[in-house]
Each structure stands twice: as structure tokens, then as C-alpha cells.
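Enquirer: I would like the atomic coordinates for the input below:
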Amino acid sequence: MNIEVNVSHTQDRWTLDDITALFDGIFAQRYQTRLIRGGDEPLYRPATSEIAYHQVIFARGYYASALHEISHWCIAGERRRQLEDYGYWYSPDGRDAEQQVAFENAEIAPQALEYLFTQACGREFHVSVDNLGGEVDVDRDAFAARVAARAQRYVQEGLPARANAFRQALRAYYQQGLTLDVAIEQGLGKL
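Expert: So this is what the prediction gives:
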């Protein structure tokens, strides 16, 4: 899959302030959802009586973690967005073979969106098999091929509406060099 990218390759090109401004600019008002820098573990937290907005919390201020967590949010339906971590299970690092297969199957679609978001930013994407302490041999290349195939299918068949809006804003900002405000407007125009 080849997507042309014309951006600076300096690390300071991709700031957390920018990704947060793009996400919040598109989704804060309409979906009452904000992107939040978190601690060691990512988490999705629905709104509560104490916090009036939903939170997509990404790990340790990592840009890639922000894109990954946004990908999960873009796939989650309205009912799932009312549940902490969308109501999904998570088996921590050290999964057995069966748990690893289940993890990879659940991660194909979000990592495919993350792949497209990462390319829209002009960054390099790396799949995550997320099982460093496991005793199972993980075929990273096979998983990467499945993720790339799903990303290609998204391109051919269309992305979910929120994912499409966010990708458009990323492309406008990082590839076309438009301002944050204009990129946000372009993203909003896709909803």
C-alpha cells in the first residue's frame, strides 16, 4: 500500500499538542470526547457525573499510543462507548497461544486504522503483538500482513465515519501543511 507523504521528518513535527488539538477539535463538541495524556496504561473512560466528557487516555505521552487509542475509539459503537475500555477484555503480557490468537484477531481492525492514521501523519507504522513476556512464538510478519490487508480493505470500502474524519484532518495538517483550524474544519466536514 503506497500513500504519498510530503512532510518534514523531524521528530518535533509530531507534537502531542497538535494531535490533541485535532482530535478534540473534531470530536469534543459533537461526541463529548477528549484525548488525554495518561500514565503507564491506556484506557477509555466514559463520562461520569464528575467528568462530563468521555476520555480516550493514551499511555505515557507516546504519539503512537494516541493514534492507537484513537483507532479503538473510532471503531467502538455508541453502546461500547458507554463502557470503560469499551467493555473489552484484555489479557496482559504473557499470553498463551490461544489468548494471543484472540488478541491478534481483536487488534487487526484498530491497528489497520492506526496504520492509515500513521501514514496520514507521515510517520512509520509498527504493528504491536504486545506479548513480549509470552512463551508463544509470535509471527509478527504474518500479523503485519493481516493488518496491511485490512487497511487496504478500509481504503477500498471506506473507513468508519469518525476514522475518515480524523484521517482527513491528519492528511490536511501533516501532508498539505494546512493550519490546525483548517484541518479540523476539513475533518468536521467528513462527519
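
Enquirer: can you list the weak-confidence ranges in the protein?
Expert: Along the chain, the parts satisfying pLDDT under 70 run over 1-12, 90-94, 131-135.

Enquirer: how about the strands in it?
Expert: 33-37, 43-45, 54-58 (DSSP state E).

Enquirer: wait, residue 127 touches residue 141, no?
Expert: No: using C-beta atoms under 8 Å, residue 127 is not in contact with residue 141, being 9.2 Å away. Placement of C-beta: from N, CA and C, glycine included.

Enquirer: more neighbours: these two, which one.
Expert: Between residue 127 and residue 141, residue 127 has the larger neighbour count (other C-beta atoms under 10 Å), namely 20 against 9.

Enquirer: now do the phi/psi pair for the more buried one.
Expert: Note on residue 127: its backbone torsions stand at phi -70, psi 160 [degrees, to the nearest 10].

Enquirer: excluding residues flanking it in the chain, which one is nearest it?
Expert: The spatially closest residue to residue 127, leaving aside those adjacent along the chain, is residue 144, at 4.6 Å (C-beta to C-beta, 6 or more residues apart in numbering).

Enquirer: returning to that earlier point: looking at the strands of the chain, which is buried most?
Expert: Comparing the strands of the chain by mean neighbour count (mean count of other C-beta atoms under 10 Å), strand 54-58 ranks first with a mean of 22.
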